[in-house]
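**Q** turn this into a model:
(one chain, ligands or ions: 1)
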Amino acid sequence: MTTRTIPAGSIECVTGDITEQPDMDAVVNAANAQLRPGGGVAGAIHRAAGPGLEQECRPLAPIAPGQAVITGGHGLPNRHVVHCLGPVFGHDEPADELLAACYRNALQQADDAGARSIAFPSISTGAFGFPLEPAARIALRTVIVTLPGLQSVERVRFVLRDTQAMEIHQRTRDAMLAG
Ligand code: AR6
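**A** Okay, the predicted model is just below:
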């Protein structure tokens with residue numbers, strides 16, 4: 001894991017599994033509109049959380065691209081799960097703005113709930129096909145500009161599935177914070 005600290009808080013990059021971040025108050029789900037289990041991150045989060053999560057999600061669905069809703073963590077080691085619907089690349093437009101809205105709205109939901117730390121996967125870069133490099137730039141830029149306006153969130157972690165995604169996020173973060 002590597003960490004960079006700015007006045008408003010710290011931004012961490014780590015390789016790993018979003019369901020195995022016990023020291024974070026909130027984790028983010030790369031959800032589907034119906035807030036159902038599905039594959040990828042959503043499948044892993046619902047598997048680890050258990051059926052209570054799907055039950056809590058049901059009345060909150062459907063959500064629109066860019067939107068975020070918050071639930072409890074159930075069987076996860078985290079107090080909150082923030083469910084975001086990323087844009088389907090090549091379909092939901094403007095994709096960049098919708099992806100930025102995911103990160104901004106997720107941070108705001110966690111902040112409103114009093115969370116001090118939140119872990120994100122790379123939203124939209126799996127089944128939804130968003131290319132990793134531009135997605136990383138949008139994610140990092142949105143976190144860097146949003147953090148100073150938040151009350152309680154002070155630690156943001158990006159949990160990346162492989163070393164390539166980890167290196168892209170780390171390089172993007174360090175370039176944005178340089179100078
Ligand atoms: N921990 C961290 N990152 C992960 C994990 C994990 N356990 N599993 C996958 N990734 P995706 P999307 C990475 O497809 O593109 C679902 O079926 C993965 O390598 O989970 O927003 C939902 O039901 C990729 O880089 O989310 C939706 O229908 C990133 O997380 C749809 O997929 C996101 O991959 C959402 O698609």
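
**Q** so the residue nearest in space to the middle of the chain versus residue 68, what's the distance?
**A** Centroid-nearest residue in the chain, with Cα atoms, centre = their mean: residue 120, separated by 2.9 Å. Between residue 120 and residue 68 the distance is 11 Å, computed by Cβ to Cβ, to the nearest Å. For the C-beta atoms, the positions are set from N, CA and C on the backbone; glycine is no exception.

**Q** please apply the same query to residue 123.
**A** For residue 123 relative to residue 68 (Cβ to Cβ), the value is 10 Å.

**Q** tell me the residues of the protein that contact the ligand?
**A** 17-19, 30, 32, 38-42, 44, 86, 121-128, 159, 161, 165 (Cβ under 6 Å from any ligand atom).

**Q** pretty sure residue 121 contacts residue 28?
**A** Yes: under the criterion of Cβ atoms under 8 Å, residue 121 is in contact with residue 28, at a separation of 6.4 Å.

**Q** where do the contact lists of the two overlap?
**A** Residues touching both residue 121 and residue 28 (Cβ atoms under 8 Å, 6 or more residues apart in numbering): residue 18.

**Q** who has more neighbours, these two?
**A** Neighbour comparison, residue 121 and residue 28: the larger count goes to residue 28, with 31 against 27 (by other Cβ atoms under 10 Å).

**Q** hmm, who's touching the helix or strand containing the more buried one?
**A** Residue 28 belongs to strand 26-30 when assigned by DSSP states H and E. With contact meaning Cβ under 8 Å, 6+ apart, strand 26-30 is reached by 18-19, 21, 40-42, 45, 68, 70, 73, 76, 78-84, 86, 106, 110, 113, 115, 117-124, 126, 128.

**Q** re earlier: quick one: common contacting residues for residue 123 and residue 68?
**A** Shared contacts of residue 123 and residue 68 (Cβ under 8 Å, 6+ apart): 28, 84, 102.

**Q** quick one: the first one and residue 93, what's the gap?
**A** Translated: residue 28. Distance from residue 28 to residue 93, counting by Cβ to Cβ: 22 Å.

**Q** list of residues touching the lengthiest helix in the chain?
**A** Longest helix in the chain, counting residues (DSSP state H): helix 95-112. Defining contact as Cβ under 8 Å, 6+ apart, one finds that helix 95-112 is touched by 25-26, 28, 65-70, 80, 82, 84-87, 89, 92, 118, 120, 123-124, 130, 134-135, 138-139, 141-143, 146-147, 150-153, 156.

**Q** ok, of those residues, which come out buried?
**A** Neighbour-count burial (16 or more other Cβ atoms under 10 Å) applied to those gives 25-26, 28, 65-70, 80, 82, 84-87, 89, 92, 118, 120, 123-124, 130, 135, 138-139, 142-143, 146-147, 150, 153, 156.
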